[in-house]
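J.: starting from these lines, generate the structure:
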Amino acid sequence: MRMKLSIFFFLLISLSSSSTDFQTLLSFKASSDHYNSLSSWSNSTHFCSWLGVTCNSNITRVTQLVLQNLNLTGSVQVLTQLKQLRLLSLKHNNFSSSSNLDFSSLQNLKLLYLSHNQFSGNFPSGVIQLLRLRRIDLSHNQFFGEIPLTPLTHLRHLLTLRLESNYFNGSLQTDTLKALEGFNVSDNNLSGEIPRPLSLFFPSSSFEGNENLCGEVLGKKCVKPTAKNDHPLPVEIPIGHGKKKLSGRAILVILLIDVTIVALLGLGIFLCCRMMKKRKESRGVEKKNVESKKRVVYDNEEIVFFEGCKRFKVDELLKSSAEMLGKGNVGTTYKVVMDNGDVVVVKRAKERRKKKEIGGLLKEIGGLRHHNIVSLRAFYGSRDELLLVYDYLPNGSLHSLLHGNSFSPLQPVFKKFTSILLYNVH
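T.: Here you go, the predicted model:
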């Protein structure tokens, strides 16, 4: 009897929660969809089948809401009633807010993308309470005030923090954001010295556009105030009581030293000129060898596209939604869904080797074509970062094919092979 009552109450709660999500989405559509971009959101179909909506396995609660480039307007506060949201992406719309946004009720949220809108006010309150957050993108809005960097350090799973192209002010005084993989505060009103840990982990492009920021990564020295001394102490200059004449041997030694120094300087200049000439010649040969590849070079940056790769901009790749697939010895692998719908895999290398070493190696790998090898489509290299771009294969990895996983109904190849061997032995 107790079990039946428990099941009854569970079903009652599930139906109530499902109804709440349904009403929340309808309220959001009524206030934000002035151009009928959400025409599929109607009472005639289940809300889990609506555009941009993804539900849990029980088809009762909304877990993902992706509404991008739909010309939606108004406030998004009503969406904070979707308690089971893991992903909220509202990029490239016209949402605005004159008061502070409060996302504290979305305790399950992992990915928050609000870039390219008209949001204003201080940094959204409640975000620092979302302990599961991994990605925050508030770029290209009108937020202002100070960035709560110290409270953000409590988000131990946070990997990306993008706040560029806003009106944030204040300083960046923090030493505890070392776990971040992506960080950008360019084009704001920040001031002061960039902490050394941030300047070591992120390129200058993450800080540019802040007139009053200074530090090694920007090549701008910070001027420290010094105490003025209006009454300098007198300096005593010793006066010799007599002059001694140099001996002939001493004069000869001085002449030999001078000649040696001049000779070494001349040899150094000659060797430098010769090295520069060799570099120019090697660059000319390299340029001939890579004529078949599409190569774009910016200041201290290089992106190379290989055969069969659809061209894209680096900014488009870096600003797209990303999902971590795994980590290895080489680096971290992400599934990236670009704004035009293309899906690629991006491997971010842990260590950045010398440009000559890695550039030549990757160009050789990019030229390899075999039906059993996933081809390298492009790579992007800069002074601080190396990204490798591959095609996305939705059928899993070689490891899962050999050993199986919980998501595939197929029997693992390794198990089949073992069964065949045992059969032959008997």
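J.: can we go C-alpha only for contacts and neighbour counts from here?
T.: Fine.
J.: stretch 110-127: end-to-end distance?
T.: Stretch 110-127 has an end-to-end distance of 11 Å (C-alpha to C-alpha, to the nearest Å).
J.: show me what counts as buried in it.
T.: Buried residues in stretch 110-127, counted by 16 or more other C-alpha atoms under 10 Å: 110-124, 127.
J.: show residues contacting that stretch.
T.: 86-105, 132-148 (C-alpha atoms under 8 Å, 6 or more residues apart in numbering).
J.: cool, and stretch 191-202?
T.: If you take C-alpha under 8 Å, 6+ apart as the criterion, stretch 191-202 is touched by 169-175, 177-178, 182-183, 210-217, 222, 384.
J.: follow-up on the earlier one: select only the buried ones of the contacts of stretch 110-127 in ChimeraX?
T.: Remark: buried members of those, expressed as a ChimeraX selection using 16+ other C-alpha under 10 Å:
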select :86,87,88,89,90,91,92,93,94,95,96,97,100,101,103,104,105,132,133,134,135,136,137,138,139,140,141,142,143,144,146,147,148
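J.: next one: residue 235, what pLDDT does it get?
T.: Note on residue 235: pLDDT of 43.
J.: go on, residue 130?
T.: 95.
J.: residues in contact with it?
T.: Counting by C-alpha under 8 Å, 6+ apart, residue 130 touches 104, 106-109, 155.
J.: do that again at 7 Å, thanks
T.: Applying C-alpha atoms under 7 Å, 6 or more residues apart in numbering, we find residue 130 in contact with 104, 107, 109.
J.: rebuild those residues as TSV, extending it with distance to residue 347 and secondary structure.
T.: Converted to TSV, the contacts of residue 130 look like this (distance: C-alpha to C-alpha, whole Å; DSSP: H, G, I helix; E, B strand; the rest coil):
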residue	distance to residue 347	secondary structure
104	33	coil
107	29	coil
109	25	coil
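J.: ok, those vs residue 20, which is closest?
T.: Residue 20 has its nearest neighbour among those in residue 107, at 17.0 Å by C-alpha to C-alpha.
J.: circling back to that earlier point, mind listing which of the contacts of stretch 191-202 are in strands?
T.: 169-170, 182-183, 212-214 (DSSP state E).
J.: buried only: go through these for me.
T.: Buried, going by 16+ other C-alpha under 10 Å: 169-170, 182-183, 213-214, out of the ones in strands among the contacts of stretch 191-202.
J.: would you format those residues as JSON lines with pLDDT included?
T.: Shown next, in JSON lines, are those (pLDDT from 0 to 100):
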{"residue": "169", "pLDDT": "96"}
{"residue": "170", "pLDDT": "94"}
{"residue": "182", "pLDDT": "92"}
{"residue": "183", "pLDDT": "93"}
{"residue": "213", "pLDDT": "95"}
{"residue": "214", "pLDDT": "94"}
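J.: let me know the closest of those to residue 328.
T.: Of all those, residue 328 sits closest to residue 182, with 18.2 Å by C-alpha to C-alpha.
J.: reformat the ones in strands among the contacts of stretch 191-202 as TSV; add distance to residue 57.
T.: What follows is the ones in strands among the contacts of stretch 191-202, written out as TSV (distance: C-alpha to C-alpha, whole Å):
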residue	distance to residue 57
169	43
170	45
182	31
183	34
212	50
213	48
214	50
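J.: most widely separated two among those residues?
T.: Farthest pair in these (C-alpha to C-alpha) is 182 and 212. Separation: 22.2 Å.
J.: pLDDT (mean, whole number) over whichever strand or helix holds residue 278?
T.: Counting by DSSP states H and E, the element that carries residue 278 is helix 248-289. For helix 248-289, the mean per-residue pLDDT is 80.
J.: excluding its backbone neighbours, what's nearest residue 59?
T.: Leaving aside its chain neighbours, residue 59 sits nearest to residue 48 (6.6 Å; criterion: C-alpha to C-alpha, 6 or more residues apart in numbering).
J.: can you check the pLDDT for the one you found?
T.: At residue 48, pLDDT is 95.
J.: looks to me like it is in a helix.
T.: Yes. If the criterion is DSSP: H, G, I helix; E, B strand; the rest coil, then residue 48 is within a helix.
J.: I'd guessed it sits against residue 54; true?
T.: Yes. In this structure, residue 48 is within contact of residue 54 by C-alpha atoms under 7 Å, at 5.9 Å.
J.: out of the ones in strands among the contacts of stretch 191-202, flag the one nearest to residue 22.
T.: The shortest approach to residue 22 among these belongs to residue 182, at 34.8 Å (C-alpha to C-alpha).
J.: who are the contact partners of that closest one?
T.: By C-alpha under 7 Å, 6+ apart, the neighbours of residue 182 are 159-161.
J.: isn't residue 32 right up against residue 70?
T.: No. With contact defined as C-alpha under 7 Å, residue 32 does not count as touching residue 70 (10.2 Å).
J.: the more surrounded of these two?
T.: More crowded of residue 32 and residue 70, by other C-alpha atoms under 10 Å: residue 32, with 19 against 16.
J.: residue 377 in helix, strand or coil?
T.: Going by three-state DSSP: residue 377 is strand.
J.: what about it, how many residues nearby?
T.: Neighbours of residue 377 (other C-alpha under 10 Å): 22.
J.: please report how far it lies from residue 362.
T.: Taking C-alpha to C-alpha, one finds residue 377 at 10 Å from residue 362.
J.: distance between stretch 41-48 and the chain's centre?
T.: Here stretch 41-48 is found 36 Å from its chain centre; the criterion is C-alpha atoms, centre = their mean, to the nearest Å.
J.: what residues does that stretch touch?
T.: By C-alpha under 7 Å, 6+ apart, stretch 41-48 touches 22, 50, 54-55, 59.
J.: of those residues, buried ones?
T.: For the contacts of stretch 41-48, buried by 16+ other C-alpha under 10 Å: 22, 50, 54-55.
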